[in-house]
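S.K.: Return atomic coordinates for the entry below.
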Amino acid sequence: MPLVIDPAHQLDCDSRVTAIAIDPAGKWMAWGGDDGNVRLFDISGDDISPLEPFSIDDGISHLAVASDEMLIVGTYSSNISGHERLGGHRWTHSIGGGCDHMALSADGSRIACIDGARALHILNEVGTCLASVSIGELNRLCVAEDGRQYAVADDDGTITVLDEKGTILYQRPPSQEEGEIVSSMCFLHDGSLLLCREALGLTQPDVHQIALEKWSESGSLIADIESPVRATVLVPRGEGAVMGCFDGRVFDVGAALEMTDIWKNTYTINDIHRSGDDLMVASWFHLFCIDPEGEEKWRCEHNGLVEQVCATKDDSIIAVRGDDQNDYTRDNQIMLVDPTAEPYLMREGHGIDEDLLQFDDDAAPKAVEVGTDIYADDSEAISALLTDEERDMMEISSQAGSSDDLISALDDEIVSAAMFDDADSEDDILAGLSDESFVSNLPPEADAGDDQIVDAEADGTSVIILDGSRSFDRDGAISQWIWRDGSSRQIGTTPKVKVRLRKGNHTFTLTVADDAGASTTDAVTVQVR
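M.R.: Numbering: from 1, shown residues only. As a prediction, this is how the structure comes out:
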């Protein structure tokens with residue numbers, strides 16, 4: 001049985017948790033959700049106490065703590081902003097279509113984000129924009145610890161490394177013309193860039209299907225090696241990195257890209273946090289603590305699929321968020337873990353609901369002697385399911401020492417019941433279908449609005465409004481709107497959403513759900529000329 005620890009605190013949340021952030025000094029933490037509210041908590045003492053929350057006019061996509069305790073808030077479809085914990089709103093930077101990706105330097109003095117129009121923005125902690133760059137359909141981002149380099153990857157597999165002023169230092173082209181993605185990347189402690197790329201189609205004989213590559217600060221390829229599996233997480237450690245993979249494996253990657261398999265789980269690695277010499281690994285419903293030798297020290301279970309791990313600077317408090325992804329019984333929770341807690345052996349029946357414990361077999365299965373009739377004591381239970389006539393026949397057959405008559409009688413009754421009048425049956429069925437109570441709820445009608453053709457402005461983009469306000473429900477009310485872009489990313493939760501788009505064709509889908517849980521979807525196309 002594995003060793004487990006219990007969470008130090010569990011915060012029950014009244015909305016789906018989409019982002020969390022924790023003060024490096026361990027004084028406070030924040031979480032945000034789809035409803036646009038940012039909740040703050042004092043975590044400096046033994047108890048967790050709520051602080052004054054604030055609201056944003058959009059769902060929260062990202063949270064991070066910059067220097068001077070500045071809380072950075074990214075939203076799904078509007079801007080990025082900075083807030084003081086006690087002093088309120090400090091600054092707002094306008095971006096197109098929300099914050100899709102965000103990363104900070106180690107000291108929190110530099111903030112980088114990719115917006116909904118796939119442009120890169122680099123800011124300092126007081127909201128001054130240092131650079132805004134459009135260089136392709138960007139979909140991945142990482143920042144060097146010292147804030148001197150910024151790496152972005154696009155849909156074609158091209159990687160561009162820039163400085164804080166937006167000047168391109170070098171570009172890494174894809175290894176083939178089509179069908180390549182960058183699944184993960186990070187800057188190492190020496191300033192070099194480590195990345196994992198995967199070719200989705202057929203490759204040339206000299207091109208690896210999945211590979212790790214290491215690039216110097218000057219833009220030259222230092223080393224590349226074939227990887228057995230796609231990396232989902234890369235975290236710098238020592239002269240190399242730790243790599244979490246799609247198949248649940250964790251590798252230690254050396255300076256020359258030599259790979260050592262150090263741990264294996266059944267499910268995909270979603271996040272890794274370094275805590276001293278130990279690794280905090282998020283996978284499935286658990287946070288695992290793995291020691292330097294690759295042995296599991298303990299695990300802590302979350303009620304949802306663990307998606308994000310963050311910690312104080314001294315790793316005394318580790319915050320974990322997850323999502324059970326059940327829209328009907330969603331149980332939202334944030335878990336705070338003390339990594340120094342004393343682990344204990346997982347007990348038998350751990351994780352089984354109390355009302356099911358009576359069915360849990362702690363002991364070995366009981367043996368049954370040969371020749372024993374295992375149904376000998378079931379006569380009372382069977383008798384309770386029979387009619388008076390059948391019980392009489394069962395009693396008679398029991399006295400006669402045979403059950404053939406009872407079985408024959410039951411067969412005759414089944415056949416008799418099956419030989420009903422077809423006309424009468426059809427009338428009963430039609431009558432039931434015509435009964436208004438037969439239909440308990442009608443699904444809503446989603447209407448994503450008319451297709452649009454608009455002209456781009458001077459900067460090559462156009463701001464449009466997605467309007468789903470014509471959606472309706474015949475027998476209730478619409479309780480939820482969800483807008484998604486062509487990549488199935490959620491971009492809004494209101495009837496109308498404003499987005500900035502680049503030239504080209506864009507498809508959006510609107511899903512509406514009523515107060516009874518039924519939902520429908522509609523799509524709209526926008527062409528920016």
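
S.K.: Could you give me the buried positions within stretch 483-495?
M.R.: The neighbour-count check on stretch 483-495 (16 or more other CB atoms under 10 Å) flags W483, R484, D485, Q490, I491, G492, T493, T494, P495 as buried. Bear in mind the C-beta positions are built from the backbone N, C-alpha and C, glycine included.

S.K.: do stretch 455-474 as well
M.R.: For stretch 455-474, a neighbour-count test (16+ other CB under 10 Å) marks T461, S462, I464, L466, D467, G468, S471, D473 as buried.

S.K.: Restricted to strands, list the residues you listed.
M.R.: T461, S462, I464, L466, D467 (DSSP state E).

S.K.: Could you dump those residues into JSON lines with pLDDT added?
M.R.: Below are these laid out as JSON lines (pLDDT from 0 to 100):
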{"residue": "T461", "pLDDT": "86"}
{"residue": "S462", "pLDDT": "88"}
{"residue": "I464", "pLDDT": "89"}
{"residue": "L466", "pLDDT": "92"}
{"residue": "D467", "pLDDT": "92"}
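
S.K.: ok, those vs N326, which is closest?
M.R.: Taking CB to CB as the measure, N326 sits nearest to L466 out of those, at 27.1 Å.

S.K.: Distance check, that closest one against N79.
M.R.: Per CB to CB, to the nearest Å, L466 is found 17 Å from N79.

S.K.: My guess is V524 contacts I453. True?
M.R.: No. Look at V524 against I453 with CB atoms under 8 Å: they stay out of range, at 11.8 Å.

S.K.: and these two? which has more neighbours close in?
M.R.: V524 (19 against 10; other CB atoms under 10 Å).

S.K.: which residues touch the nearest residue to that one once chain neighbours are set aside?
M.R.: Nearest residue to V524, sequence neighbours excluded (CB to CB, 6 or more residues apart in numbering): A448, at 3.9 Å. Taking CB atoms under 8 Å, 6 or more residues apart in numbering as the contact definition, A448 lies against L466, G468, F508, T509, L510, D522, A523, V524.

S.K.: Tell me who's in contact with the second one.
M.R.: For G468, the residues meeting the contact criterion (CB under 8 Å, 6+ apart) are A446, D447, A448, G449, W481, W483, P495, K496, L510, V512, D522.

S.K.: Flag the shaky bits of the stretch 401-529 of the chain, pLDDT-wise.
M.R.: Within the stretch 401-529 of the chain, the stretches with pLDDT under 70 are 401-440.

S.K.: try the chain
M.R.: Residues of the chain that meet the cut-off, pLDDT under 70, sit at 87, 327-330, 347-388, 390-391, 393-440.

S.K.: Residue nearest the middle of it, spatially speaking?
M.R.: Centrality entry for the chain: nearest residue to the mean C-alpha point is E307, 5.2 Å, by CA atoms, centre = their mean.

S.K.: measure that one to S283 for me?
M.R.: E307 is 11 Å from S283, by CB to CB.

S.K.: Need the residues touching each of those two.
M.R.: Listed as contacting both E307 and S283 by CB under 8 Å, 6+ apart are N270.

S.K.: Any idea how many residues pack against A231?
M.R.: Around A231 there are 27 other residues, counting by other CB under 10 Å.

S.K.: mind listing what it touches?
M.R.: So A231 contacts S183, S184, C196, L212, M243, G244, C245, F246 (CB under 8 Å, 6+ apart).

S.K.: how does it look with 10 Å?
M.R.: By CB atoms under 10 Å, 6 or more residues apart in numbering, the contact set of A231 is 182-186, 194-198, 210, 212, 241, 243-246, 249, 251, 253, 269.

S.K.: D323 too?
M.R.: 16-18, 302-308, 330-333.

S.K.: give me that answer again for 7 Å
M.R.: When contacts are counted by CB atoms under 7 Å, 6 or more residues apart in numbering, D323 touches R16, G304, L305, E307.

S.K.: Distance check, it against G82.
M.R.: 27 Å.

S.K.: Check G219 too.
M.R.: Distance of G219 to G82, given as CB to CB: 33 Å.

S.K.: Same question for D455.
M.R.: For D455, the distance to G82 - CB to CB - is 34 Å.

S.K.: re the thing from before, the buried residues of stretch 483-495: which two are farthest apart?
M.R.: D485 and P495 (16.9 Å).

S.K.: Show me what the residue lying closest to S218 once chain neighbours are set aside is bridged to.
M.R.: Of all residues not flanking S218 in the chain, Y170 sits nearest, at 7.1 Å (CB to CB, 6+ apart). Judged by DSSP bridges, the bridge partners of Y170 are V161.
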